[in-house]
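Trainee: Build the 3D model from these lines:
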Amino acid sequence: MKNISGKWPLFVIILLGLFVIFGPYSDSKVAERDKNIYKEIKTFNEVLDMVQKNYVDEVESSVLIQGAINGMMKSLDPHSSFMTAEIYKELEVETQGRFGGIGIEITILKDILTVVSPIEDTPAYKAGVKSGDQIIKIDGKSTKDITIMEAVKKLRGPKDTKVTITIMREHMVQPKDIVLTRTVIQIKSVKSKTFDDHIGYIRIASFHERTSTDLRKALAEVGEKASPMKGLVLDLRNDPGGLLNQAIEVSDMFLKSGMIVSTRGRTKNMETKTMARDNGSKEITVPMVVLVNEGTASAAEIVAGALQDNGRALIVGTQTFGKASVQTVIPLENGSALKLTTARYYTPSGRSIQAEGIKPDIIVKLVKPSEEPENGLTERLREKDLKGHIKPAKEDGMQLEENKVESLKDTSDLTKDNQLKTAIDILKSWRIMKKNLIN
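Mentor: Sure thing, here's the model as predicted:
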């Protein structure tokens with residue numbers, strides 16, 4: 001048995017730790033499983049020792065172990081990761097809806113850093129960065145094998161500092177450099193306006209700590225401007241999600257009763273059922289249409305699924321992203337943390353939409369005006385496209401619709417947004433039909 005840096009062999013230390021965790025064994029299957037774990041740990045210890053002693057350059061053991069941890073997390077699924085103390089602090093800042101950066105949602109697609117969508121009114125959005133753009137370099141350095149957290153760290157930074165991203169887009173002959181000046185990204189989670197015939201419009205861009213609070217204010221403003229409000233469009237298109245508790249609070253604003261969401265994992269404490277509360281006159285009771293598309297993900301899908309399954313709203317648009325897994329952030333002693341996928345969530349009817357998404361009640365594809373250029377993405381980006389994505393809990397034979405990822409059009413011009421126009425027409429027609437049927 002080999003020593004490392006003159007200390008106890010790492011293998012022995014890990015063995016002692018495992019004994020404390022698992023204790024003595026009475027079950028033969030458990031004992032056999034743990035025996036296999038010991039063998040794998042011994043192999044890891046041997047490889048670590050060989051690399052540290054024989055690699056062409058001297059490498060700190062902490063660097064090697066960090067790399068091993070990152071590799072382990074990468075082997076699980078696209079949403080599990082190890083966060084250093086620095087990155088963990090950045091995550092905490094992000095959930096507050098304010099951070100320094102360029103304003104894009106990113107993922108790893110086919111081993112390439114890819115833009116899911118630019119955030120409205122940010123440097124990336126204004127510079128013309130589009131859904132589906134492949135970021136092949138950051139400040140001249142290749143993004144090959146980069147993790148999401150590493151990319152986030154490189155892209156964020158103090159206000160007024162610059163970062164250069166090199167992108168590739170379909171039909172581009174060669175890569176294009178885009179120089180972006182970082183700014184304080186103050187995500188305005190909720191936007192609102194009113195349309196003719198007393199119809200309100202609410203757009204939720206993402207779910208962070210203030211989303212439910214901002215939504216209450218927006219609903220009050222829309223209710224006053226459209227008084228009496230006779231219909232509401234809730235726009236969740238290109239909403240990448242965010243905090244689970246905010247999705248629950250948002251759903252509860254529109255529901256008097258019924259289940260909002262349930263979760264199930266390997267451990268008992270991950271099994272939850274969240275029910276709507278009757279808040280009397282505070283709930284919005286007008287007819288609703290929820291707009292979704294392939295960029296609607298995670299927390300946004302929870303809201304759409306809750307309103308659809310409870311018969312509270314009509315879902316219009318295209319198939320959603322299909323991220324129905326729950327990530328738990330587990331702080332570690334040294335200030336770092338694990339972001340670990342610990343459960344799947346289910347809609348009120350018991351559907352697991354993982355890698356499948358929510359199918360709209362009425363499918364309406366976004367029609368792009370002929371004068372607008374292509375955005376460079378011929379296929380939708382969804383959870384099922386991500387390498388190592390978690391499989392659906394059960395197969396139900398759902399057929400996914402195919403269409404292009406498009407950025408949202410200006411919601412003030414209905415001639416450029418046929419999905420929104422359809423939603424408003426549905427609400428108008430519902431009122432007319434109700435009036436005629438009553439009479």
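
Trainee: How are the helices of the stretch 251-400 of the chain distributed by residue range?
Mentor: 299-309 (DSSP state H, counting those that start in this stretch).

Trainee: what ranges do the strands span in it?
Mentor: 259-265, 272-275, 288-292, 314-317, 325-331, 337-346, 362-363 (DSSP state E, counting those that start in this stretch).

Trainee: To Leu427, which of these lies closest?
Mentor: The minimum distance between Leu427 and these falls on strand 288-292, with 6.1 Å, by Cβ to Cβ. Every residue, glycine included, has its C-beta placed from N, CA and C.

Trainee: Quick one: distance of that closest one to the chain centre.
Mentor: Centre-to-centre, strand 288-292 and its host chain are 19 Å apart (Cα atoms, centre = their mean, to the nearest Å).

Trainee: which residues in the stretch 101-250 of the chain form strands?
Mentor: 104-109, 112-118, 134-138, 141-142, 162-168, 176-181, 183-186, 190-195, 199-204, 231-235.

Trainee: Can you lay out these as JSON lines showing mean neighbour count, mean pLDDT and distance to Thr285?
Mentor: Conversion of the strands of the stretch 101-250 of the chain to JSON lines gives the following (neighbours: other Cβ atoms under 10 Å; pLDDT from 0 to 100; distance: least, Cβ to Cβ, whole Å):
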{"stretch": "strand 104-109", "mean neighbour count": "20", "mean pLDDT": "84", "distance to Thr285": "33"}
{"stretch": "strand 112-118", "mean neighbour count": "23", "mean pLDDT": "86", "distance to Thr285": "32"}
{"stretch": "strand 134-138", "mean neighbour count": "19", "mean pLDDT": "96", "distance to Thr285": "45"}
{"stretch": "strand 141-142", "mean neighbour count": "10", "mean pLDDT": "96", "distance to Thr285": "54"}
{"stretch": "strand 162-168", "mean neighbour count": "18", "mean pLDDT": "96", "distance to Thr285": "46"}
{"stretch": "strand 176-181", "mean neighbour count": "14", "mean pLDDT": "96", "distance to Thr285": "44"}
{"stretch": "strand 183-186", "mean neighbour count": "15", "mean pLDDT": "84", "distance to Thr285": "32"}
{"stretch": "strand 190-195", "mean neighbour count": "19", "mean pLDDT": "94", "distance to Thr285": "18"}
{"stretch": "strand 199-204", "mean neighbour count": "24", "mean pLDDT": "96", "distance to Thr285": "13"}
{"stretch": "strand 231-235", "mean neighbour count": "25", "mean pLDDT": "97", "distance to Thr285": "10"}
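
Trainee: Out of the ones you listed, the one nearest Arg216 is which?
Mentor: Of all those, strand 190-195 comes closest under Cβ to Cβ, at 9.2 Å.

Trainee: between that closest one and strand 231-235, how many degrees?
Mentor: Strand 190-195 runs at 140 degrees relative to strand 231-235, counting by axes from the mean of the first three to the mean of the last three Cα atoms, to 10 degrees.

Trainee: Tell me how far strand 190-195 lies from the chain's centre.
Mentor: Taking Cα atoms, centre = their mean, the mean C-alpha location of strand 190-195 is offset from the chain mean by 24 Å.

Trainee: so after the lengthiest helix in the chain, what's the next helix or strand?
Mentor: Counting by DSSP state H, the longest helix found in the chain is helix 28-54. Using DSSP states H and E, the helix or strand that follows helix 28-54 in sequence is helix 61-74.

Trainee: picking that back up, name the helices or strands packed onto the longest helix of the chain?
Mentor: Where contact means 3 or more Cβ pairs under 8 Å, 6 or more residues apart in numbering; DSSP states H and E, helix 28-54 is packed against helix 10-22, helix 61-74.

Trainee: ok, of those helices, where does mean pLDDT dip lowest?
Mentor: For the helices and strands packed on helix 28-54, the bottom mean pLDDT is recorded on helix 10-22, which sits at a mean of 36.

Trainee: Next up, the contacts around the residue nearest to Met288 when sequence neighbours are not counted.
Mentor: Residue nearest to Met288 in three dimensions, not counting chain neighbours: Ala313, with 3.8 Å by Cβ to Cβ, 6 or more residues apart in numbering. Listed by Cβ atoms under 8 Å, 6 or more residues apart in numbering, the contact set of Ala313 reads 234, 254, 288-290, 307.

Trainee: Now for the residues you listed: which two are most distant?
Mentor: Largest separation among the contacts of Ala313 by Cβ to Cβ: Phe254 and Val289, giving 12.0 Å.

Trainee: which neighbours do these two share?
Mentor: Common neighbours of Phe254 and Val289 (Cβ under 8 Å, 6+ apart) are 234, 313.

Trainee: between these two, which one's more packed in?
Mentor: The neighbour comparison of Phe254 against Val289 (other Cβ atoms under 10 Å) goes to Val289, with 27 against 22.

Trainee: re the thing from before, could you export the strands of the stretch 101-250 of the chain to TSV, including columns for distance to Asn54?
Mentor: TSV is the format used below for these (distance: least, Cβ to Cβ, whole Å):
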stretch	distance to Asn54
strand 104-109	32
strand 112-118	33
strand 134-138	32
strand 141-142	27
strand 162-168	36
strand 176-181	40
strand 183-186	46
strand 190-195	57
strand 199-204	55
strand 231-235	58
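
Trainee: Out of the ones you listed, which is closest to Ser336?
Mentor: With Cβ to Cβ as the measure, strand 104-109 is the member of the strands of the stretch 101-250 of the chain nearest Ser336 (20.8 Å).

Trainee: Now Ser61. Nearest residue, chain neighbours left out?
Mentor: Gln52 (6.0 Å).

Trainee: Go ahead and confirm that neighbour touches Val59.
Mentor: Yes: contact criterion Cβ atoms under 8 Å: Gln52 and Val59 qualify, at 6.5 Å.

Trainee: More neighbours: these two, which one.
Mentor: Neighbours per residue (other Cβ under 10 Å) separate Gln52 from Val59, with Gln52 holding more: 17 against 12.

Trainee: now Ala276: how far from Ser349?
Mentor: According to Cβ to Cβ, to the nearest Å, Ala276 stands 14 Å off from Ser349.

Trainee: Please disregard the earlier target; I meant Thr143.
Mentor: Shown here: Thr143 relative to Ser349, a distance of 40 Å by Cβ to Cβ.

Trainee: more neighbours, these two?
Mentor: More crowded of Thr143 and Ser349, by other Cβ under 10 Å: Thr143, with 22 against 10.

Trainee: Look up phi and psi at that one.
Mentor: Main-chain dihedrals, Thr143, degrees, to the nearest 10: phi -100, psi 10.

Trainee: which non-adjacent residue is nearest it?
Mentor: The nearest residue in space to Thr143 (Cβ to Cβ, 6+ apart) is Leu113, at 4.4 Å.
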